[in-house]
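Q: please find the sequence and the predicted model below.
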Amino acid sequence: MRGLLFRRKNTEDNRQLDKLLQRAQAGDEDARNALIETYSPFVLRIASQASRRYIERGRDDEYSVALLAMNEAIDRYNPDRNVNFLGFAETIIRRRLIDHFRTQRTQSRAVPWTEFDVVDDEDNVTNYVEVQTSIAVHQRAEEQEARRLEIAEYAERLRDYGLSFSELVDLSPKHADARAHAIQVARIVADDAELREYVLEKKALPLKALEDRVGVSRKTMERQRKYILAVVLLLCGDFQHLQSFISE
């Protein structure tokens, strides 16, 4: 298995990958370990790219985070969605690393700036403003990467429902009140386990169940169906940055 590389275009490699995934998801720990070991160079590459520095196996925390994310990707991957596993795993790894960086940044806020001072042999102290600027730049880069990954993942979810970003521009209600009502309907669906499950399984709105629960006519909900579905998907997913665009 160690000779199996992660070339996406190699059909035989893909077949072996699929077999390992099936066995791993069925509870075969040997297959899971073989899969993770085989694709450890892939995990290292993604971790290094996300961290913007070289990551070493067994030394850097980022590798451990990425490895756990790879394991999570194995558990969460659904072959029925016809999504490339390595692309799916890359998204999970990057998002978990972003969560890791965000946690580190939150913890660092409690550290006084004097902790960043570096004194050389001549008692010169590095200007902490430069450090602060570097942290701000890194933070903006992390947020941009997080938004990019969210957009890519959300676009994929929309495709599962026959929707697209470009279509949503035309489908979005033009009046603020109409948008607010549509978002309210979406929130009711997202907050109710039974209604939410209906949407995720049927890929449709439970219009009959919603009629008695919202102050919007069925005709209006049918007209706004695609827009409401898109908002439900947004609310039900891990899309922190994109959700901020939905106002009450």
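A: Ah, there it is. On a predicted model such as this, the values are computed, not experimentally measured, just so you know.
Q: pLDDT on the helix or strand hosting Ser64, on average?
A: Assigned by DSSP states H and E, Ser64 belongs to helix 61-76. In this model, helix 61-76 carries a mean pLDDT of 90.
Q: also stretch 85-100?
A: 87.
Q: and that stretch, what's buried?
A: By 16 or more other C-beta atoms under 10 Å, the buried positions in stretch 85-100 come out as 85-86, 88-98, 100. (C-beta placed from N, C-alpha, C; glycine too.)
Q: what does stretch 209-217 give?
A: Neighbour counts over stretch 209-217 (16+ other C-beta under 10 Å) mark 210, 214, 216 as buried.
Q: mind checking how far the first one is from Leu195?
A: Right, Leu210. Plainly put, Leu210 is 7 Å away from Leu195 if you go by C-beta to C-beta, to the nearest Å.
Q: so what sits against both of these two?
A: Listed as contacting both Leu210 and Leu195 by C-beta atoms under 8 Å, 6 or more residues apart in numbering are 188-189.
Q: what helix or strand is Leu158 located in?
A: helix 128-160.
Q: and the next helix or strand past that helix?
A: Note on helix 128-160: by DSSP H and E, the next helix or strand toward the C-terminus is helix 165-171.
Q: dump that following helix to CSV, restricted to CA.
A: Presented in CSV, the C-alpha positions along helix 165-171 are these (Å, rounded to 0.1, in the frame of the first residue of the first chain):
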residue,chain,number,x,y,z
PHE,A,165,-25.0,31.3,-7.1
SER,A,166,-25.8,33.0,-10.4
GLU,A,167,-29.4,31.7,-10.2
LEU,A,168,-29.8,33.0,-6.6
VAL,A,169,-29.1,36.6,-7.8
ASP,A,170,-32.3,36.4,-10.0
LEU,A,171,-34.3,34.4,-7.4
